[in-house]
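Visitor: With the input below, show me the fold.
(2 chains)
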Amino acid sequence: MTEKAATPLLLLHPSRGLIDEKFSLMVQNLSQIQEITLHALIHSDDGDYWEAFGHYVSDATGLVNVANDSSLGGTYDGVKPMGLLWSMRPVPGSRIGLRLRKKEVHTPMLVHISVYRGHMSQGFKEQVALASVVTERWYMSPGVRRVDITEGGITGTLFLPPGPGPFPALLDLWGGGGGLVEYRSALLSSHGFVSLALEYMTPRTSGGSTSHVGNEYFEAAFTVLKQHPQVCGDRIAILGLSFGTSVALGMAVYSTVIQPRCLVCVSGSHVQPVKGSLSDVFSEINKYVYYHVFKDVGQLKCPVLMIVGEDDQNWPATESAEDMKQMMEKAGNSHLLTTLSYPGAGHLIEPPYSPHIRASNFMVAGTRQKFVVLWGGETAPHGYAQEDSWKKTLSFLEEHLYRSTEVTSPSNL
Amino acid sequence: MGCQPHHLLPLFGCFCLVFFSRCVSTMVGTSPLLSVQPTRGLVDEKIQVVVRNLPPAFSVTLHSLHHSEDKDLWEAFGQYTSDGQGTVTVAKDASLGGTYEGAEPMGLLWSMQPVPGSRTGLRLRKMDVLTPLVVHISVYSGHMTEGFSKQSPLATVVTERWYMAPGVCRIDIEEHGVRGTLFLPPGPGPFPGVLDMWGGGGGLVEYRSCLLASHGFVSMALEYLSHDKNRISDIDSKTYFEKAFRIVQEHPLVMKDRVALFGLSFGTSVALNLAAYSKDISPRCCVCISGSHVLPVNKSISEVFKKINEDRYKTRFDEEGCVVWRDIILPIPTDLGEKVDMGRIKCPLMLVVGEDDQNWATVESAKDMAQMMRAAGNEHLLTVLQYPDAGHLIEPPYTPHFRASNFIVQKTRQKVIMLWGGYTKPHADAQEDCWEKSLGFLRQHLYPSHDSVPKAKL
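Guide: Predicted coordinates for the structure are as follows:
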């Protein structure tokens, strides 16, 4: 009988947001001091289910507000407004070593948020929720255009913001996993930058082998951006994660063609064979030799934002950052360096509110070898690192690509 | 060389886009940063429009553009001057002129009008609710009032405005002769229900029901005046509406004792008639916008229309030849056979009227209804919202106002320009306030809450 029973109201705002936007989430119309569980569920493009949940108790007015109230347990605890997203993990019984990555950026991630009676930790599928809503999380804001790039001998995807431009641009480099990963570029474009996600570990043009990808490849990519009619040629930055960082630093120091306005280096290192091609680098890695050739970061001329996780189990990012700082102090250009170091964060520092992965399946590009790689990090501090570093990355890019004016850049008055 | 086609701009044939090989932005050293939050929102949600990175004390024009389903272009604009930090914040800065003035956070939406050279008598209505209204918001250099399509803006952002929240389900209804569209919120329910009725324009108008479902109500948009002439005879009597009400009430996701009636214009008359005289159904509450209780009581729709036709000689025309139907039901009859006996209403009733309603004598009707209820002792059920300078078509907020528009008279299929009334800014304010209060009213009466607990602020 439901004459006197109240129907809880689940209020989530915004119902459609970008992947890096916060949402507000409240449950109203509960009984006072009622135990409930808030639950989030994603059915990924790969067909896996990911979930997160938090245990709450309503106040005297029958209200739970995740912005103020503490989760008493679940996949996250404490006052964590976005915990239902960043603490997600595969549901019990899933395949192992999964990573949640959106390949198709034209569609949103659908997240089902439900409220259940009592404090539950399992069996969500078998129970009827008290209320449920759906929220869309997008990598692309409306008007952003996606374009396949196969010119200049390179393979990549270009994302353009709406509007006439011209816009500052980014060369977006992922790591040794290879492939063409688009979502970060799509998101950067939603923030007003032209962004080129570059495939360089397994470019289709070179038939899957890394041996042909030399520095000219990255220079060609940079040139494609520079010559694009909607790009400000002197406002191009490079964003690299993991191995992409090495590429970014190497190009910034040694290339005469590539002159980035600034660099963002996430979870990477300056330690690499100097001026070698990628296959040289990989043969070094495969030997597990601790090479002693450093990129001379003392020669850097542009601002650099270094982001490292102190629990990075994949690359010695923290030690590298420290070493870079010392090299730059000696060379007198350390004023260009800003380092963000996050305790408890792992290697895969990605755009915020996506689940933390401590370890996952990995295939070394160009080989058929499969491992489970340990990335490191603990969920809560890693979630914080992603949120904070992304915010600071966007500020840094805006500062150097939108705001700053150089004496040499012509402006039409 | 990768030269991408500019899909957004061919509409304006804007080939004065200047392509620089190096960054030579116009008067500013760098591009302005235009942001619109949210980029995807519900139609009734507010947007925050901010321009940053301008020079200080710089003149700009903010412009909105929408390409409607009917292929017309609608636009609005406001002229601004940036502050000392080079920022324009639409929510707090005053527009110095344009289609709206003053600090109007939503002016770029509600003050939209057809672009110069458009067809006349247009009305902006979204008929396909599965897709959003797409609005291009741009910032132009200088204070402009025209020629937006010939000038390149400094920046543009695209925002989507949705009637449908994610997870809302749309279902075609064709049951026992009743025709409509049902919208279900996401979740296991059960939910309160709404029977949603529009006015004499007829057809099947879905967007208000869709938006109500996005707010947690099962809502059915009812077709009762079909544009197909042959269907009129099917929905002659009160039983059509009672059947429609039952369809909502008996839906497995609906709370049987929590179904409301929501009407606009003629839909209000239907709602009042049902609430007072139906022995079969009992609404939990009613929201009645821009309507009247004056109609032949307990008669079929065709008899009602017959009476209206008899009084059509009272039609006036304004200076522009627009049809004014305001006087048709005046004077308010004293004879109880000619108006709904408001003393018989047993549920909470919210009446909404615009004081500049030129289409129906709703202000006089509301006054008369209040008097009748006072005399009968049920006035405590009544809430009246009366809006100065608002017109007849009080709809969900932030959509443009039209003082007059093309209209096809149901019975004769005659095409006229109907005067609805209202002035843009007060009408927009009325829509915003009315919608908020309607939702509050529906939640209060339809969403049961724990009696022992003070109600949470919604």
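Visitor: is it true that B:Asp318 touches B:Val324?
Guide: Yes. Between B:Asp318 and B:Val324 there is a contact under C-beta atoms under 8 Å: 5.8 Å. Heads up, the C-betas are built off the backbone N, CA and C, glycines and all.
Visitor: joint contacts of the two?
Guide: Residues touching both B:Asp318 and B:Val324 (C-beta atoms under 8 Å, 6 or more residues apart in numbering or on different chains): B:Gln358, B:Leu419.
Visitor: So for those two, which sits in the more crowded spot?
Guide: B:Val324 (18 against 13; other C-beta atoms under 10 Å in any protein chain shown).
Visitor: What is the neighbour count of B:Leu212?
Guide: Other residues near B:Leu212 come to 28 when the count uses other C-beta under 10 Å.
Visitor: What lies in contact with the host helix or strand of it?
Guide: According to DSSP states H and E, B:Leu212 maps onto helix B:207-214. The contact list for helix B:207-214 (C-beta under 8 Å, 6+ apart) reads A:15, B:42-44, B:125-127, B:129, B:162-165, B:168-170, B:181-185, B:194, B:196, B:198, B:219-221, B:262, B:395-396, B:442.
Visitor: Quick one: distance of it to the chain centre.
Guide: 11 Å (C-alpha atoms, centre = their mean, to the nearest Å).
Visitor: any idea of the mean pLDDT in it?
Guide: Helix B:207-214 shows a mean pLDDT of 98.
Visitor: State which helix of chain A is the longest.
Guide: For chain A, the helix with the greatest residue count under DSSP state H is helix A:379-397.
Visitor: State the mean pLDDT of that one.
Guide: 96.
Visitor: Centre of the chain to that helix, how far?
Guide: Offset of helix A:379-397 from its chain centre (C-alpha atoms, centre = their mean): 9 Å.
Visitor: Which strands and helices lie in contact with that helix?
Guide: For helix A:379-397, the packing partners by 3 or more C-beta pairs under 8 Å, 6 or more residues apart in numbering or on different chains; DSSP states H and E come out as helix A:83-86, strand A:263-266, strand A:304-309, strand A:337-342.
Visitor: what ranges of chain B fall below the confidence cut-off?
Guide: Filtered on pLDDT under 70, chain B yields the residue ranges B:1-30, B:228-236, B:450-458.
Visitor: Show me the helices in it, by range?
Guide: B:107-110, B:207-214, B:238-249, B:266-277, B:301-310, B:362-376, B:424-446.
Visitor: Can you check what angle separates the last one from helix B:207-214?
Guide: Read it as helix B:424-446. 50 degrees (axes from the mean of the first three to the mean of the last three C-alpha atoms, to 10 degrees).
Visitor: Just checking, which helix or strand of chain A averages the lowest pLDDT?
Guide: Lowest on mean pLDDT, DSSP states H and E among the helices and strands of chain A sits helix A:278-286, with a mean of 53.
Visitor: Quick check: the gap between A:Leu110 and chain B.
Guide: A:Leu110 sits at a distance of 7 Å from chain B (criterion: C-beta to the nearest C-beta, to the nearest Å).
Visitor: isn't that residue right next to A:Val134, touching?
Guide: Yes. The pair A:Leu110 and A:Val134 passes the contact test of C-beta under 8 Å, sitting 5.9 Å apart.
Visitor: in chain A, which residue is closest to the centre?
Guide: Geometric centre of chain A, nearest residue: A:Glu350, 2.2 Å, by C-alpha atoms, centre = their mean.
Visitor: tell me the contacts of B:Met106?
Guide: Applying C-beta under 8 Å, 6+ apart to B:Met106 gives the contacts B:Lys46, B:Ile47, B:Pro397, B:Tyr398, B:Ala428, B:Glu432.
Visitor: Emit the ChimeraX select command for whichever of these are buried.
Guide: For the buried members of those, the matching ChimeraX selection, counting by 16 or more other C-beta atoms under 10 Å in any protein chain shown, is:
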select /B:47,397,398,428,432
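Visitor: Max pairwise distance over the contacts of B:Met106: which two?
Guide: Checked with C-beta to C-beta, the contacts of B:Met106 reach their widest spread between B:Ile47 and B:Ala428, with 14.1 Å between them.
Visitor: So which residues of the stretch 151-300 of chain B form strands?
Guide: For the stretch 151-300 of chain B, applying DSSP state E, counting those that start in this stretch gives strands covering B:155-162, B:169-175, B:178-184, B:191-197, B:218-223, B:254-264, B:286-289.
Visitor: Quick one: closest of those strands to chain A.
Guide: strand B:155-162 (3.1 Å; C-beta to the nearest C-beta).
Visitor: Please name every helix or strand in contact with that closest one.
Guide: Against strand B:155-162 (3+ C-beta pairs under 8 Å, 6+ apart) you get strand B:33-37, strand B:40-42, strand B:133-141.
Visitor: and the first one, which strands flank it?
Guide: What that stands for is strand B:33-37. strand B:48-52 (antiparallel) (DSSP bridges).
Visitor: Which residues does the strand it pairs with contact?
Guide: Here strand B:48-52 makes contact (C-beta under 8 Å, 6+ apart) with B:32-37, B:60, B:62, B:80, B:82, B:85-91, B:105, B:108, B:137, B:139, B:155.
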